[in-house]
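Enquirer: just the structure for this:
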Amino acid sequence: MNYFITGGSGFIGTHLTDLLKNICPECNIYNLDIVENNQNGKVTFIYCDVRKPIAMEGISITEDDIIFNFAAVHRTPGHPDPVYFETNILGAENVTAFAEKYNIKKIVFTSSIAPYGAAEDLKEETTIPMPNTPYGISKLVAEKIHMVWQAKNSLERQLTIVRPGVVFGKGENGNFSRLYWGIRERKFMYPGRKDTIKACIYVKELVRFMLYRLEHHEQGVELYNCTFEPAYTIEQIVDTMKKVTGMKHAVPLIPAWILMPAAAVAGCLGAPMGICPARVKKLMVSTNICGKKLADSGYKFHYTFEEAIADWFKDNGKQCLK
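Expert: Numbers count the residues shown, from 1 in each chain. Predicted coordinates for the structure are as follows:
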């Protein structure tokens, strides 16, 4: 059996590779990416731009192989609007065409919570998506493209779609890493409130859950929010980071009526340290995502939230979180 990971050089892809090699050392893993990374020989790297048709030469591909589609443009804000649509939609079309060509029957697609849109209300898998960003719209369309692929042979094809909250862990270089360094360097202040809900999942937990669903797939298309249940507030996240890493200083709260004008000024100055109105507004809105379906799926979490942060800290030699 072969495992094809589009975007395999990325954060989630590298952690999935580590897990697969730990479980099945002899398995064949192909990293389809535009950024070369063979993970010290753990994978076979194949240059692949998912915006273009995917061609494989010299590889024995079977219908029992599995595709993990992680390739995406995801940082938001951060890219011109057309970039999200070009990569995420064309990527979905070309990956599913690749599966169609070789009669591959199983795909795991990493979507996002962005299709739900930004709002305080609790979001379940049955919530009607209302994306309000180009990224969220492109991801929702990509989900539908994968669903069309599955529907063409609904009795045999299996599709698992995961919508992770903030994914954290070693190599993330994203929201949680920035939060940690902001606290450590005394540059972080609670933006407007402390009770903002930020749904999240540890990367090692996410990839374990993906493999679990491949083994326990119950229907043609599965959709799962991937987050700790219940989701944590920003204050709980900050307190846990401080506890695990030994930081003692207090984190102040800056009122919204001060923060937004300051962010607007920073935006005019070129957004130093990434400070701009769009990013600040994003920080102030909850990602209130329900993880109950995952919790009731039979999957047993390997880490509590505190244990996950501690494991991440351990992976960095107990020096930092990055």
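
Enquirer: CA atoms of the longest helix seen in the chain as CSV?
Expert: If you go by DSSP state H, the chain has its longest helix at helix 81-102. Extracted in CSV, the C-alpha atoms of helix 81-102 (Å, rounded to 0.1, in the frame of the first residue of the first chain):
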residue,chain,number,x,y,z
ASP,A,81,-8.0,36.7,-2.8
PRO,A,82,-7.4,34.8,-6.1
VAL,A,83,-4.6,32.8,-4.6
TYR,A,84,-6.9,30.9,-2.2
PHE,A,85,-9.3,30.0,-5.0
GLU,A,86,-6.6,29.0,-7.5
THR,A,87,-4.8,26.6,-5.1
ASN,A,88,-7.6,25.3,-3.0
ILE,A,89,-10.1,24.7,-5.7
LEU,A,90,-7.9,23.6,-8.5
GLY,A,91,-6.0,21.5,-6.0
ALA,A,92,-9.2,19.6,-5.0
GLU,A,93,-10.1,19.1,-8.7
ASN,A,94,-6.7,17.7,-9.6
VAL,A,95,-6.3,15.5,-6.5
THR,A,96,-9.7,13.9,-7.0
ALA,A,97,-8.9,13.5,-10.8
PHE,A,98,-5.7,11.7,-9.7
ALA,A,99,-7.8,9.4,-7.5
GLU,A,100,-10.3,8.8,-10.3
LYS,A,101,-7.6,7.9,-12.8
TYR,A,102,-6.1,5.2,-10.6
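
Enquirer: give the next helix or strand downstream of that helix.
Expert: Helices and strands here follow DSSP states H and E; after helix 81-102, the next one along the chain is strand 106-110.

Enquirer: returning to what we had before: please name every helix or strand in contact with the longest helix of the chain.
Expert: strand 2-6, strand 66-69, strand 106-110, helix 134-151 (3 or more CB pairs under 8 Å, 6 or more residues apart in numbering; DSSP states H and E). Heads up, the C-betas are built off the backbone N, CA and C, glycines and all.

Enquirer: redo these as TSV? Include mean pLDDT.
Expert: Output for the helices and strands packed on helix 81-102, formatted as TSV (pLDDT from 0 to 100):
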stretch	mean pLDDT
strand 2-6	98
strand 66-69	98
strand 106-110	98
helix 134-151	97
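
Enquirer: now do the helices in this structure.
Expert: 11-23, 81-102, 134-151, 175-184, 203-215, 234-245, 256-268, 277-284, 292-295, 305-315.

Enquirer: any chance of those in JSON lines, plus mean neighbour count and distance to residue 191?
Expert: Conversion of the helices of the chain to JSON lines gives the following (neighbours: other CB atoms under 10 Å; distance: least, CB to CB, whole Å):
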{"stretch": "helix 11-23", "mean neighbour count": "19", "distance to residue 191": "24"}
{"stretch": "helix 81-102", "mean neighbour count": "19", "distance to residue 191": "25"}
{"stretch": "helix 134-151", "mean neighbour count": "21", "distance to residue 191": "21"}
{"stretch": "helix 175-184", "mean neighbour count": "18", "distance to residue 191": "11"}
{"stretch": "helix 203-215", "mean neighbour count": "19", "distance to residue 191": "25"}
{"stretch": "helix 234-245", "mean neighbour count": "18", "distance to residue 191": "8"}
{"stretch": "helix 256-268", "mean neighbour count": "14", "distance to residue 191": "6"}
{"stretch": "helix 277-284", "mean neighbour count": "17", "distance to residue 191": "4"}
{"stretch": "helix 292-295", "mean neighbour count": "17", "distance to residue 191": "28"}
{"stretch": "helix 305-315", "mean neighbour count": "18", "distance to residue 191": "21"}
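
Enquirer: reformat those helices as a markdown table; add distance to residue 31.
Expert: Listed next are the helices of the chain as a markdown table, based on distance: least, CB to CB, whole Å:
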| stretch | distance to residue 31 |
| --- | --- |
| helix 11-23 | 7 |
| helix 81-102 | 14 |
| helix 134-151 | 20 |
| helix 175-184 | 23 |
| helix 203-215 | 14 |
| helix 234-245 | 31 |
| helix 256-268 | 37 |
| helix 277-284 | 31 |
| helix 292-295 | 27 |
| helix 305-315 | 21 |
